[in-house]
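J.: Predicted model and sequence follow; I will ask about them next.
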Amino acid sequence: MHRGGLALGLVSALAATSCATYSDKTFEMREAVAAGRYEDGLDEINHFIKVKDDLDLPTKWKSETALAVLERATILHAMQRWEASASNFQAAEEQLEFLDLASNADEIGRYVFSDSATKYRTTPTEKLALNAINLINYLARGDLSGARVESKRFTVMRSYLLDYDPEHAHGAFGSYLAGFVAEREGEGDVALRYYDEALQERELPRCATDRALS
């Protein structure tokens, strides 16, 4: 998928799981991103966060701030501004809480569709996707050390989610990237374990070939 499509897809998905009031406030930002006007989108989201620079973080994290910083990280990723994107992802991630999918459907529905101000919470699948996308930021910069650290964070989170909510702890994309990092580090056995995790969720010809040769 084209980077612009990836950014728009994740931005749209995040907005869809936020309250209507937030969607209304950030409508211009999403319109700009959809039209490929990423700089305008950044200006809109910075105005929402009340900062001037793409690396500036809010002094106070309100109910919707973490989601706004996540969206800014995604736009920066689409613009290939890898370092700024990684910084935003990491800052937002520290503010995230989990949406408990074990709750009943009524409670989830009230959270997703109400316009009440509440701290944004992420699903397990979305949390793992954030780690995976941030892995790309480090790899695109040629920062193998940073990628290795992010791989470990992905692994710790995936292990936790497998115990916490195994039905929704999908992470084939992240496992594949972590395997790629381990392979570049010369850790063949570790790479194969990651590739095997990815293969358990979907067919990946490259991983299947590597496993067959091992």
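T.: Good, I have the coordinates. Residues are numbered from 1 along each chain as shown.
J.: Kindly state the domain boundaries assigned to the protein.
T.: The record's domain split for the chain, according to the TED database, is 24-106, 123-201.
J.: Quick one: mean pLDDT for the first one?
T.: Going back to what we said before, that points to domain 24-106. For domain 24-106, mean pLDDT is 88.
J.: Dump the domains of the chain to CSV, plus mean neighbour count.
T.: For glycine as for every other residue, the C-beta is placed from the backbone atoms N, C-alpha and C. Output for the domains of the chain, formatted as CSV (neighbours: other Cβ atoms under 10 Å):
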stretch, mean neighbour count
domain 24-106, 18
domain 123-201, 19
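J.: middle-most residue in this protein, spatially?
T.: By Cα atoms, centre = their mean, the chain has its centre lying nearest to Leu130, at 1.8 Å.
J.: Report all helices and strands that the helix or strand where Asn88 lies contacts.
T.: Using DSSP states H and E, Asn88 falls within helix 82-93. Judged by 3 or more Cβ pairs under 8 Å, 6 or more residues apart in numbering; DSSP states H and E, helix 82-93 is in contact with helix 65-78, helix 124-140.
J.: As CSV, these with distance to Glu167 would be great.
T.: As requested, these are exported to CSV (distance: least, Cβ to Cβ, whole Å):
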stretch, distance to Glu167
helix 65-78, 24
helix 124-140, 9
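J.: residue boundaries of the helices in this structure?
T.: Assigned by DSSP state H, the chain shows helices spanning 3-16, 20-25, 27-34, 38-49, 65-78, 82-93, 105-113, 124-140, 144-164, 172-184, 188-201, 205-213.
J.: quick one: which of these is nearest Asp56?
T.: helix 38-49 (7.6 Å; Cβ to Cβ).
J.: now the angle between helix 82-93 and that closest one, please.
T.: Orientation of helix 38-49 against helix 82-93 (axes from the mean of the first three to the mean of the last three Cα atoms, to 10 degrees) gives an angle of 30 degrees.
J.: which other helices and strands contact helix 38-49?
T.: On a contact count with 3+ Cβ pairs under 8 Å, 6+ apart, helix 38-49 meets helix 27-34, helix 65-78.
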